[in-house]
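Trainee: Here's my sequence, what's the structure:
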Amino acid sequence: MNQLIKITTVPIQYELKINNARFERRNAQAELEISRNKGGLSIKSRPVKLNLDSSAARSSVSPTPTQSVSQAAQKGIEAAYSATAQLAQEGQLLLKADIGEDVIGQIMQQRTAAPTGEFQMGFTPSAPVDINYQAPDLTINYEMDKLNFDLKILNGNYEFIPGDIEMSITQQPDVLIEYVGGPIYVPPSADPNYVDVRA
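Mentor: A predicted model of the protein is given here:
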């Protein structure tokens, strides 16, 4: 008797993808910042300066009210001293006078006598002008531009990536049942190749 059924078993098929563990280091990043400080040219000039102080010269020609009062007071004191000395001298002459001597005439003659002695010639104004001179000054300051470089380096980062296993099924398991026999006739006598075994 021939086999009528063929049973075939299809096994499961799968693929394994293994990723090994790895230790990665990310490169550091560098940043460069550039800033600029502008320079410039500065020039400072001071012209010649001439200071003229004519206050003393003007006071010698036309004194101020305060100076006029001070000069008049000084002259008054000198005149008082001179008059006191003259009166004392005349008093001494009167005390020592002899009878019949013309003392009053001598006194009057002294008072009306022409002045004698050295006379000093003066100029107006009598005080000079004070002159002060300052030389000119020129200062030139030049400053070049400045470039500032700021370099920033970041430390690298280390990262550990664990390993993993990936499984993918490429074929599902299956059981195949196949009928390999001929056709079955009901009743069996309908088979054209039927042979009656009872005969």
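Trainee: just the CA coordinates of stretch 6-23, formatted as PDB?
Mentor: Extracted as PDB, the C-alpha positions of stretch 6-23 are listed here (Å, rounded to 0.1, in the frame of the first residue of the first chain):
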ATOM      1  CA  LYS A   6       3.300  13.600   2.900                       C
ATOM      2  CA  ILE A   7       3.900  15.700   6.000                       C
ATOM      3  CA  THR A   8       6.700  18.200   5.800                       C
ATOM      4  CA  THR A   9       7.900  20.300   8.800                       C
ATOM      5  CA  VAL A  10       9.200  23.800   8.000                       C
ATOM      6  CA  PRO A  11      11.500  25.000  10.800                       C
ATOM      7  CA  ILE A  12      11.700  28.500  12.100                       C
ATOM      8  CA  GLN A  13      14.500  30.700  10.600                       C
ATOM      9  CA  TYR A  14      15.900  33.800  12.300                       C
ATOM     10  CA  GLU A  15      18.900  36.100  12.100                       C
ATOM     11  CA  LEU A  16      20.800  37.500  15.000                       C
ATOM     12  CA  LYS A  17      22.500  40.900  14.800                       C
ATOM     13  CA  ILE A  18      25.000  41.500  17.600                       C
ATOM     14  CA  ASN A  19      26.200  45.000  18.400                       C
ATOM     15  CA  ASN A  20      29.200  44.900  20.600                       C
ATOM     16  CA  ALA A  21      29.500  47.300  23.500                       C
ATOM     17  CA  ARG A  22      31.700  50.300  22.800                       C
ATOM     18  CA  PHE A  23      33.200  53.300  24.500                       C
END
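Trainee: now it: mean pLDDT?
Mentor: Averaged across stretch 6-23, the pLDDT comes to 89.
Trainee: just stretch 178-190 next, same as before
Mentor: The predicted confidence, averaged over stretch 178-190, sits at 81.
Trainee: Buried residues, it. List them.
Mentor: Of all the residues in stretch 178-190, not one is buried under the rule 16 or more other C-beta atoms under 10 Å. From N, CA and C alone the C-beta is placed, and that goes for glycine too.
Trainee: what's next to it, contact-wise?
Mentor: 2, 3, 4, 5, 6, 7, 8, 191, 194, 196 (C-beta atoms under 8 Å, 6 or more residues apart in numbering).
Trainee: Can you tell me the SS state at the last one?
Mentor: Think residue 196. Using DSSP: H, G, I helix; E, B strand; the rest coil, the structure places residue 196 in coil.
Trainee: check contacts around it.
Mentor: residue 189.
Trainee: one step back: which among the contacts of stretch 178-190 gets closest to residue 113?
Mentor: residue 8 (177.2 Å; C-beta to C-beta).
Trainee: what's the distance between that closest one and residue 174?
Mentor: Here residue 8 is placed at a distance of 9 Å from residue 174 (C-beta to C-beta, to the nearest Å).
Trainee: re the thing from before, filter the contacts of stretch 178-190 down to the ones in strands?
Mentor: Using DSSP state E, the subset of those located in strands is 5, 6, 7, 8.
Trainee: Nothing else from me, thank you.
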